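Visitor: Sequence and computational prediction follow.
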Amino acid sequence: NNSQNQLANFNFQHNFKNKSQLSADVDLGRFRRTNKNNLMTTALVLTQNAQKPIGNLINETGTTIDIQTFKADYSVALSKIWKMEMGVKHAEVNSINDIALQTDDKGKLVLDPNLSSHFEYREQVNAGYVNLSGKLKNADIQAGLRAEHTHSVGSLSVPNQTKTRDYLNWFPSFFIAKPISPNQTLLFSYSYRIDRPNYQKLNSARGFVDLYAYSQGNIDLVPQYTHAVELRYALKSGFFASLAANYITDLTFDLNYVTEGNKVVRLTQNMGNSQGYVITVGLPITVSKAWQAQASLLGFYNQFQFEYEGKKWNAKNVAARLNFNNGFVLGSGWTAELNGCVNSPRVNTIMEIPWLSNVDAGVQKSVSQKMKLKLSLQNVFFTPIGKTVYNGVSS
C-alpha cells in the first residue's frame with residue numbers, strides 16, 4: 001500500500017456588536033492510494049463441480065478522492081434565554097477507482113478485461129439548517145431542522161453501468177432536559193439521520209482477498225435512514241437509566257454468497273428494515289477512596305425484516321451486555337485501570353454471535369508534572385473478540 005493525503009482549510013470569523021457571530025470555512029482535501037496484491041496458488045484437490053482457481057493473479061488498484069466543501073454559520077441571541085443558529089453547506093466529492101487485474105494465461109500474465117475496470121463517482125450535497133435553543137419553564141430545549149439535497153452519478157466501465165440519483169431529505173431533531181428536583185434530571189431526544197454508503201461500497205468491481213474469496217460493491221445502494229428516540233433519567237450522583245429505540249429503513253449490510261462451487265463473494269446490499277430497543281442502567285460505585293468503579297448493564301431487543309437468497313426473513317432476539325470500568329489510586333504517583341465487558345449471544349440479520357468477553361488492563365506512573373509512563377494490555381485473557389455463525393458457517 002502507498003497512500004498520501006493533502007488537506008487545506010481556510011477559516012473566517014466575525015463577531016458583531018449585537019453579540020451575533022458569522023463564521024465560514026473552506027476545506028480542500030486530496031487523497032491518493034495505490035495497492036498491489038500478488039496471489040499465487042496451486043490446487044491439490046478439487047471437489048466435484050468446483051472450478052479450478054486462477055493459478056496466478058496480480059491485482060493493482062489506484063484510488064483518487066478529491067473533496068471540496070464550503071460552509072457558513074450564523075448565530076444570534078434572540079433574547080437573554082433564546083438563541084438561533086442557521087447555516088448552509090456545499091460539499092463536492094469526486095472519487096476515481098481503477099482496477100488492473102492480470103491473470104495467468106498459459107504461463108504468461110495478461111490483463112483480464114472482464115475483471116479490470118474504471119469506476120468514477122461524483123456527489124454534490126447542498127444543505128441548510130436552522131436551530132433554536134433556550135429555556136422554557138425551567139427546561140432546556142433545543143429544536144432543529146436540516147434539509148439536504150443530494151445529486152450523485154456513479155459510472156462503472158465493466159460491466160457498463162451508470163446510476164444517477166437526485167433526492168431531497170428533511171432531518172428534524174429535538175432535545176429537552178428538565179430538572180425534576182435539585183438532584184434529578186429527565187432528558188428526551190429525537191433525531192432523524194442519514195448514513196450514505198461509502199464510495200468503495202458503490203464500486204461493483206471485484207476486490208480479491210485471495211483466490212477463493214472476493215468482495216464486490218453495489219452501484220444500486222441507497223442511503224440508510226434512522227429514527228432515534230431516547231428517554232433518560234439521571235441523578236447528580238452519576239446514576240442513570242435510559243430507554244432508547246431506533247428504526248432503520250433500507251438497512252445496509254454485507255452478505256456472503258457461495259459462487260462457482262468453492263468461492264465466496266461478499267456483497268453489500270440494502271436488506272430491509274430493523275427495529276432496536278435498548279434499556280441501559282449505569283451506576284458509579286465507590287469501593288474506597290482508592291477504588292472508583294463504573295458499571296453499566298444494557299438489555300437489547302432487536303428485530304430484522306429482510307430478504308436473503310429469495311427468502312423472506314424475520315429475525316428477533318433478546319441480548320444483554322455488561323460493561324465495567326475500574327480506576328485505582330495506588331499511591332506514590334501510581335494509578336491503574338481494569339476494564340472489561342461481557343456480551344450474551346445475539347443475532348444480527350442472518351448472523352449468530354455467541355458469548356463474547358474482553359478484559360483490558362493498564363498501569364501508569366507519574367514521574368513528574370511533565371512526564372508519565374504507561375503500560376497497557378488489551379484482551380488480557382486472549383478471548384475471541386469476534387466470532388459469528390454466518391448461514392451455518394462459523395468464522
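Guide: Here it is on my side, so go on.
Visitor: quick one: average confidence on stretch 169-187?
Guide: Averaging pLDDT along stretch 169-187 yields 95.
Visitor: ugh, wrong one, I meant stretch 282-301
Guide: On average, stretch 282-301 scores 95.
Visitor: quick one: terminal-to-terminal distance for that stretch?
Guide: Start-to-end span of stretch 282-301 (C-alpha to C-alpha, to the nearest Å) is 18 Å.
Visitor: what residues does that stretch touch?
Guide: Residues from elsewhere that reach stretch 282-301 (C-beta atoms under 8 Å, 6 or more residues apart in numbering): 237-241, 276-281, 316-331, 346. All C-beta atoms are positioned from the backbone trio N, CA, C, and that covers glycine.
Visitor: Buried residues of that stretch, list them for me.
Guide: Going by neighbour count (16 or more other C-beta atoms under 10 Å), the buried part of stretch 282-301 is 282, 296, 298, 300.
Visitor: Just the buried residues from the contacts of stretch 282-301, in PyMOL please.
Guide: Only the buried entries of the contacts of stretch 282-301 go into this PyMOL selection, using 16+ other C-beta under 10 Å:
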select buried, resi 240+276+278+280+317+319+321+323+324+325+326+328+346
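Visitor: so of the contacts of stretch 282-301, which ones are in strands?
Guide: Among the contacts of stretch 282-301, the ones falling in strands (DSSP state E) are 240-241, 276-281, 316-331, 346.
Visitor: re the thing from before, got CSV for the buried residues of stretch 282-301, with distance to Tyr74 too?
Guide: Shown next, in CSV, are the buried residues of stretch 282-301 (distance: C-beta to C-beta, whole Å):
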residue, distance to Tyr74
Gly282, 37
Ser296, 39
Leu298, 40
Phe300, 41
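Visitor: and these, which two are the farthest apart?
Guide: Taking every pair in those and measuring C-beta to C-beta, the maximum separation is 15.5 Å, between Gly282 and Phe300.
Visitor: so who does the residue most central in space within the chain touch?
Guide: Against the mean C-alpha coordinate of the chain, by C-alpha atoms, centre = their mean, the closest residue is Asp195 at 8.5 Å. For Asp195, the contacting residues are 223-226, 252, by C-beta under 8 Å, 6+ apart.
Visitor: Now do Asn339, the pLDDT please.
Guide: Looking at Asn339, its pLDDT is 97.
Visitor: got it, and the one 5 residues further on?
Guide: In this model, Ser344 is scored at 95, pLDDT.
Visitor: For Phe253, see how far away it is.
Guide: With distances taken as C-beta to C-beta, to the nearest Å, Ser344 is found 21 Å from Phe253.
Visitor: which strands and helices sit next to the helix or strand harbouring Tyr225?
Guide: According to DSSP states H and E, Tyr225 maps onto strand 224-235. With contacts defined as 3 or more C-beta pairs under 8 Å, 6 or more residues apart in numbering; DSSP states H and E, strand 224-235 has these neighbours: strand 184-195, strand 240-259.
Visitor: Least reliable of those by average pLDDT, please.
Guide: Minimum mean pLDDT among the helices and strands packed on strand 224-235: strand 240-259, a mean of 91.
Visitor: List the buried residues for that one?
Guide: 240, 242, 244, 246, 248, 250-253, 255-256.
Visitor: what's the angle from that strand to strand 184-195?
Guide: Between strand 240-259 and strand 184-195, the angle comes out at 20 degrees (axes from the mean of the first three to the mean of the last three C-alpha atoms, to 10 degrees).
Visitor: Direction included, what does strand 240-259 pair up with?
Guide: In the sheet, strand 240-259 lines up against strand 224-235 (antiparallel), strand 263-288 (antiparallel) (DSSP bridges).
Visitor: and the next helix or strand after the last one with strand 263-288, angle?
Guide: In this case it means strand 263-288. Later in the chain than strand 263-288, the nearest helix or strand by DSSP H and E is strand 291-308. Angle of strand 291-308 versus strand 263-288, following the same axes, to 10 degrees, is 160 degrees.
Visitor: starting at the chain centroid, how far to strand 291-308?
Guide: 17 Å (C-alpha atoms, centre = their mean, to the nearest Å).
Visitor: next one: stretch 101-119
Guide: 34 Å.
Visitor: now do stretch 216-234
Guide: Relative to its chain's centre, stretch 216-234 lies at 10 Å (C-alpha atoms, centre = their mean).
Visitor: With stretch 20-36 instead?
Guide: A distance of 20 Å separates the centroid of the chain from that of stretch 20-36, by C-alpha atoms, centre = their mean.
Visitor: Surely Asn9 touches Ala24?
Guide: No - Asn9 is beyond contact range of Ala24, at 11.1 Å (criterion: C-beta atoms under 8 Å).
Visitor: higher neighbour count, those two?
Guide: Counting neighbours by other C-beta atoms under 10 Å for Asn9 and for Ala24 shows that Ala24 has the greater number, 16 against 10.
Visitor: and the closest residue to Ala205 other than its chain neighbours, what does it touch?
Guide: With sequence-adjacent residues excluded and distances taken as C-beta to C-beta, 6 or more residues apart in numbering, Ala205 is closest to Ser117, at 4.2 Å. Residues counted as contacts of Ser117 (C-beta under 8 Å, 6+ apart) are 98-99, 156-158, 204-205.
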